[in-house]
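Colleague: coordinates only, sequence not included:
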DNA sequence: TCCAAAACCTGACAATTGTCATAGTATCCC
DNA sequence: GGGATACTATGACAATTGTCAGGTTTTGGA
């Protein structure tokens, strides 16, 4: 296992690449690597985070519990993403919980190394800022999608999103397999509705399934559904 | 009119307070003050922004057009808020449009003064980052609200939000008067639905109205509606 | 391997919400 | 001041979506 951040390829994908050699060395000296099994949680809503998590492998769902007891998945984070930044930056408890969707390998970086660099290295801070600006833009898009599109449109969009961001396996199924419940929590609908729409899409030849695996069969038609046809 | 940023009180409310005397001076030398009338726009979705807008007076709605032609209002920005930061930071076209809800006075700050400071003054960058972290957290809350609460709950929440953030006038009406359409675009519903719920709330004694003005009559009951009773 | 638990699926129904149509009311501009 | 225009309001209806209730299949652990 690569154990020094200086040599870690993952770093190229996130804001840590803007750190200097010295700073990276400090991070590497204080970080610890953890294995998180599918279903286990990295942190829960309301936790005070003492550092950030850098995802080396696997996928985590970031979700927020609503008053009626349903989770809303706000983001799916995979290789290269850094979790918990916001909480560390604003020094507040976290408003999201992070649970592993499949087995994960993450590095925990204590916050001191991060906050020190934030105060001293404008390049790093700016890099983090750019990432957050991007996240915020995406969040705006999600808001518009959820409020203006039908469940069917959002379901179609979700499948295309999963394809674009996580790819397909060799059998043509989406590489990231989510439970029906997780899918419904991404889309923001009842599990039964999600299942019903999956059945409908299957009947219409837009997708195919095998167990909980889902594959995209007709991307063009799926796009048409997103557009409202 | 206060014309030097160094003396501007508004600055205390936003990230500009982290600028040095020198940097502020540069900002002040390049900025221009504009009057934007109700209904006029600061910028539109897709515009390339050459600077940011600092709100001195009035309120602007930040919205995004959806495929079906409806606007979704993502944020209401008032005194002290800086608009267009995200676009300038990520050097992308803006994903939102900004329209004045009432008469506004804003300062336009060309981006050079901002980007220079971002690269040199970590305190400023960190301050901007903190603001953005906060916005992102709020956006997450909006996502959960929209997807998990009923329109009625969100309407009640919207009124309480308007009360908390913009206050009431001397007659007990919400200080920020929005059209029914704007309200529906904040909540993410059809205008008719919004109007119907306003009528219902009025009938039940939760609010009172006069023309397009709305006042909160029974905050406790309104809160109960939000909670789902 | 087998059993229990969890996940998936479907039907029936009700509640919520959007759409269309229509009418009253306020507002703005000439 | 008056007329056009935008905004507010309400009814009727249909579409969407959630809920409950029941089955079936899959999965994971003893």
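Modeller: Perfect, thanks for sending it. Predicted model only: the values in this text are computed from it and were never measured. Numbering: from 1, shown residues only, chains lettered A, B, ... in the order given.
Colleague: which residues of chain A fall in strands?
Modeller: A:32-36, A:41-43, A:51-57, A:60-65, A:71-77, A:82-83, A:97-100, A:104-110, A:207-210, A:213-216 (DSSP state E).
Colleague: per-residue confidence at residue A:75?
Modeller: We have a pLDDT of 95 for residue A:75.
Colleague: Okay, buried residues for stretch A:194-206 please.
Modeller: A:194, A:197-198, A:201, A:206 (16 or more other C-beta atoms under 10 Å in any protein chain shown). C-beta coordinates here come from the backbone N, C-alpha and C atoms, glycine included.
Colleague: hmm, back to that, which of the strands of chain A sits closest to residue B:42?
Modeller: With C-beta to C-beta as the measure, strand A:71-77 is the member of these nearest residue B:42 (28.3 Å).
Colleague: by contact count, what packs against that closest one?
Modeller: The contact analysis (3 or more C-beta pairs under 8 Å, 6 or more residues apart in numbering or on different chains; DSSP states H and E) places strand A:71-77 against strand A:60-65, helix A:122-148, helix A:180-187, helix B:122-148.
Colleague: Columns distance to DNA strand C, mean pLDDT and mean neighbour count on top of the ones you listed, output as TSV?
Modeller: As requested, the helices and strands packed on strand A:71-77 are exported to TSV (distance: least, C-beta to the nearest atom of the strand, whole Å; pLDDT from 0 to 100; neighbours: other C-beta atoms under 10 Å in any protein chain shown):
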stretch	distance to DNA strand C	mean pLDDT	mean neighbour count
strand A:60-65	13	94	22
helix A:122-148	8	93	21
helix A:180-187	3	97	21
helix B:122-148	10	93	21
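Colleague: quick one on the thing from earlier: make TSV out of the buried residues of stretch A:194-206 and add pLDDT and distance to DNA strand D.
Modeller: Converted to TSV, those look like this (pLDDT from 0 to 100; distance: C-beta to the nearest atom of the strand, whole Å):
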residue	pLDDT	distance to DNA strand D
A:194	97	8
A:197	97	8
A:198	97	13
A:201	97	13
A:206	96	15
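Colleague: which one among these gets closest to residue A:163?
Modeller: Nearest to residue A:163 among those, counting by C-beta to C-beta, is residue A:206 at 12.2 Å.
Colleague: What values do phi and psi take at that closest one?
Modeller: Recorded main-chain torsions at residue A:206 are phi -80, psi -30, according to degrees, to the nearest 10.
Colleague: my read: it touches residue A:218, true?
Modeller: Yes: taking C-beta atoms under 8 Å as the definition, residue A:206 is a contact partner of residue A:218 at 5.1 Å.
Colleague: quick one: low-confidence ranges for chain A?
Modeller: Along chain A, the parts satisfying pLDDT under 70 run over A:1-2.
Colleague: just the residues of it that are near DNA strand C, which are they?
Modeller: Within chain A, the positions lying close to DNA strand C (C-beta under 7 Å from any atom of the strand) are A:179-181, A:191-192, A:195-196, A:198-199, A:209, A:212.
Colleague: The same query, at a cut-off of 6 Å, please.
Modeller: Counting by C-beta under 6 Å from any atom of the strand, the residues of chain A close to DNA strand C are A:179-181, A:192, A:195-196, A:198-199, A:209, A:212.
Colleague: now these as a markdown table including distance to residue B:91?
Modeller: Putting the residues of chain A next to DNA strand C into a markdown table (distance: C-beta to C-beta, whole Å) gives the following:
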| residue | distance to residue B:91 |
| --- | --- |
| A:179 | 39 |
| A:180 | 40 |
| A:181 | 39 |
| A:192 | 44 |
| A:195 | 43 |
| A:196 | 43 |
| A:198 | 40 |
| A:199 | 44 |
| A:209 | 42 |
| A:212 | 41 |
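Colleague: closest to chain B among these?
Modeller: Nearest to chain B among the residues of chain A next to DNA strand C, counting by C-beta to the nearest C-beta, is residue A:181 at 14.4 Å.
Colleague: Nice, that's everything, thank you.
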